[in-house]
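J.: fold the following and give me the result.
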Amino acid sequence: ARSAAARLGAVAEAATRRVYAACEAEAAKGTKRGLVEADATWDTTKELASKTYYTAMKTFPSMVKVVEADANAGWNQFKSKAAQFPDGWTVQDTLTGTLFAAELYAWSCVGECVGRGSLFGYDV
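T.: Sure, this is the predicted structure:
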């Protein structure tokens, strides 16, 4: 009978082989699509990570502009609805506002739980 350590080692080795085979299969797909060079090395990985980082930094200002435009559009829509209150509001507007307030409250509760590190009470 084999020891528990030997059985555990065999299971770990089999799992490692499955992971290695899956990685090889994914790399082959990338090579076939022309995304990965056949002789890729760790330096290639570091270079791609660096390119990804700097590409993200390059696109950041345009993303900020999109977010600002969306926020302004939302704020303008809110102002136009607030100007109609209470006569111009429909039931749908009221329900939308109520759901929005409920979502804000829910996220506030989640933030509170995350901030204190537990669901119930504070450590005293």
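J.: let me know the next secondary structure element after the longest helix anywhere in the chain.
T.: The longest helix of the chain (DSSP state H) is helix 42-84. As assigned by DSSP states H and E, the chain's next helix or strand after helix 42-84 is helix 91-116.
J.: and that following helix with helix 42-84, angle?
T.: Interaxial angle, helix 91-116 versus helix 42-84 (axes from the mean of the first three to the mean of the last three CA atoms, to 10 degrees): 130 degrees.
J.: got a pLDDT number for the spatially closest residue to Arg2 that is not a sequence neighbour?
T.: Leaving aside its chain neighbours, Arg2 sits nearest to Ala10 (7.9 Å; criterion: CB to CB, 6 or more residues apart in numbering). Using the backbone N, CA and C atoms, a C-beta is placed for each residue, glycine as well. You'll see Ala10 listed with a pLDDT of 88.
J.: let's check: the centremost residue of the chain is which one?
T.: Compute the mean C-alpha point of the chain, and by CA atoms, centre = their mean the closest residue is Ala56, 15.0 Å away.
J.: how about the secondary structure of the residue lying closest to Cys113 once chain neighbours are set aside?
T.: Take Cys113 and drop its neighbours on the chain: the residue closest to it by CB to CB, 6+ apart is Leu119, 5.5 Å away. Under DSSP: H, G, I helix; E, B strand; the rest coil, the three-state class of Leu119 is coil.
J.: what's stretch 30-49 in contact with?
T.: Ala27 (CB atoms under 8 Å, 6 or more residues apart in numbering).
J.: please identify the buried residues of it?
T.: Val36 (16 or more other CB atoms under 10 Å).
J.: quick revisit: look up how far Cys109 lies from the residue nearest to Cys113.
T.: 10 Å (CB to CB, to the nearest Å).
J.: cool, and Phe78?
T.: Taking CB to CB, one finds Phe78 at 23 Å from Cys109.
J.: and if you look at Ala22?
T.: From Ala22 to Cys109 the distance is 40 Å (CB to CB).
J.: same deal with Glu47?
T.: Taken as CB to CB, the span from Glu47 to Cys109 is 44 Å.
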